[in-house]
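> output the structure for:
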Amino acid sequence: MKKTNFLLSVILILTVSIAFTSCKDVTNKEESHTETSQEEVLPEKTLLGKWVLQDMEVKSNEEAKGMKEMFDAIKKELIGKVYYEFKADKTSTVYMPGMMGMKEKIDKGTWAISSDSKTIHTTGKEKIDLTIISLDQKKLVFSFGDEMGQQIMTLSKG
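The predicted structure follows:
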């Protein structure tokens, strides 16, 4: 009888231990997965870092039509050189290289993403709103309008 009670006690202790151990691991894995998933989808986290210009398209207004050669020359000078950097402290840097007789330009300011995650609000020498077309860990595409027309920029994490 003592042997049977002892064996049942040992089996019960082992069963409870295994149950607690396995539940704890599942919970930790679920919590870890949930935290990772939330970080991946937060645009603020995804946006952090340095983004280098890979392509740009200008949908010019009427005054700027007929200037395609100039736009192509400017594009060639800017690709791979222009960058936007978004930091965790909500500061930003935009770098434009010197070209065509103009000096290089480094604009420091701040940034914020709209509550609907569709716009990056930037401040610096100028206040510019960038409309997010797409954003993932490797690629950022946004548009904005200026005196030349609508510009669409494609950047990659660099």
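> switch to C-alpha atoms for all contacts and neighbour counts from now on
Noted.
> which neighbouring elements make contact with the longest strand belonging to the chain?
Ordering each strand of the chain by length in residues (DSSP state E) puts strand 49-60 first. Other helices and strands packing on strand 49-60, by 3 or more C-alpha pairs under 8 Å, 6 or more residues apart in numbering; DSSP states H and E, are helix 68-78, strand 83-86, strand 149-157.
> please identify the most buried of the ones you listed.
Of all these, strand 83-86 carries the top mean neighbour count, a mean of 22, counting by mean count of other C-alpha atoms under 10 Å.
> list the helices and strands that strand packs on?
Applying 3+ C-alpha pairs under 8 Å, 6+ apart, we find strand 83-86 packed against strand 49-60, strand 91-96.
> in stretch 125-142, what counts as buried?
D129, L130, T131, I132, L135, K139, L140, V141, F142 (16 or more other C-alpha atoms under 10 Å).
> would TSV of those with pLDDT and distance to E104 be doable?
Output for those, formatted as TSV (pLDDT from 0 to 100; distance: C-alpha to C-alpha, whole Å):
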residue	pLDDT	distance to E104
D129	96	22
L130	96	21
T131	97	25
I132	97	26
L135	96	27
K139	97	25
L140	97	23
V141	98	23
F142	97	22
